[in-house]
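Novice: missing the sequence, but the structure's below:
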């Protein structure tokens, strides 16, 4: 082979190799836009204000991530059941959508280290006769299909072998069903329960104690093969905490001391 042919082959191989190594992180930076799947009926993590503008902890978190990348943020409104499909279909680049880091989901998408941690409470109506988690036995309860709390609640109803469980497509549907008396209670994150009760959008709703579920750690999500992006998300979460921005956002949207994102002998 002549030298010129060899040189040409090497250049072509380099170009092909570079193209093959391009990943989602490069694509986002090149496009100038970060599309975040965010749930907007889950206050204070995500909702719409009086002018219909997306607001909330997850919205601000997406904006911070876009700023770190030097791109513009685009909020892609995504119901809970569509969080993973939004990534797989290419409608969103990352999910900033309070997604519990389960092993089952990790078969399809990749997770960052936890960026938020939830505890759960019982949300009911004042006239439903519910004053604790144990008093849900024999009642009709419901939650959003596929969520951490829905899976745990349905398992508990099955274990009691009394009462019934109903699944819904959105958090708003759950609250409306509860307010209208179609279900007696739901289990939801303490942050959301407090926000909904304080909002006054649904009359007669009240918190009736804690639910004995594990702490629900949630991560940012991306396609599982996008190692460069997932590594970047890990570092971003870390720096949000180290810089004090995590506590700042928690103060803004929730109040009090932000939850611990570490787990002894696991997350640091």
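Specialist: Received, thanks. Predicted model, so just to flag it, every value in this text is computed and none were measured. Residues are numbered from 1 along each chain as shown.
Novice: What are the contacting residues of the strand or helix carrying residue 85?
Specialist: Using DSSP states H and E, residue 85 sits within helix 83-88. Contact with helix 83-88 is made by 37, 39, 76, 78, 92-95, 97, 99, 105, 108-109, 221-223, as judged by C-beta atoms under 8 Å, 6 or more residues apart in numbering. (C-beta placed from N, C-alpha, C; glycine too.)
Novice: Need the mean per-residue confidence for it.
Specialist: The predicted model gives helix 83-88 an average pLDDT of 96.
Novice: Distance from it to the middle of the chain?
Specialist: 12 Å (C-alpha atoms, centre = their mean, to the nearest Å).
Novice: any idea which helix or strand comes after that helix?
Specialist: Next element after helix 83-88 (DSSP H and E): strand 94-100.
Novice: For that following strand, which outside residues touch it?
Specialist: If you take C-beta under 8 Å, 6+ apart as the criterion, strand 94-100 is touched by 34-39, 42, 45-46, 58-59, 61-62, 65, 78, 80, 83-84, 86-87, 105, 109, 111, 116, 118, 147-148, 189, 216-222, 229, 233.
Novice: Direction included, what does that strand pair against?
Specialist: Using DSSP bridges, the strands paired with strand 94-100 are strand 33-38 (parallel), strand 216-223 (antiparallel).
Novice: Doesn't residue 63 belong to a strand?
Specialist: No - the assignment for residue 63, made by DSSP: H, G, I helix; E, B strand; the rest coil, is helix rather than a strand.
Novice: For the helix holding residue 85, buried residues please.
Specialist: Under the neighbour-count criterion of 16 or more other C-beta atoms under 10 Å, helix 83-88 has 83, 84, 86, 87 buried.
Novice: now swap in stretch 69-88 and tell me
Specialist: Here stretch 69-88 shows 69, 71, 73, 75-76, 78-80, 82-84, 86-87 as buried, counting by 16+ other C-beta under 10 Å.
Novice: What of stretch 216-236?
Specialist: So, applying 16+ other C-beta under 10 Å, buried residues of stretch 216-236: 216-223, 226, 229-230, 232-234, 236.
Novice: Need the distance between the two termini of that stretch.
Specialist: End-to-end distance of stretch 216-236: 20 Å, with C-alpha to C-alpha, to the nearest Å as the criterion.
Novice: List the residues that contact residue 209.
Specialist: Taking C-beta under 8 Å, 6+ apart, one finds 121, 122, 131, 132, 133 in contact with residue 209.
Novice: how about 7 Å then?
Specialist: 121, 122, 132, 133 (C-beta atoms under 7 Å, 6 or more residues apart in numbering).
Novice: Same question for residue 205.
Specialist: By C-beta under 7 Å, 6+ apart, the neighbours of residue 205 are 123, 125, 178, 179, 196, 197.
Novice: Also residue 146?
Specialist: Residue 146 touches 80, 81, counting by C-beta under 7 Å, 6+ apart.
Novice: Let me see the ranges of the helices in the stretch 101-250 of the chain.
Specialist: Ranges of helices in the stretch 101-250 of the chain, per DSSP state H, counting those that start in this stretch, are 148-160, 171-179, 190-199, 227-242, 245-253.
Novice: Which of the ones you listed sits closest to residue 28?
Specialist: Ranking these by proximity to residue 28 (C-beta to C-beta) places helix 227-242 first, at 7.5 Å.
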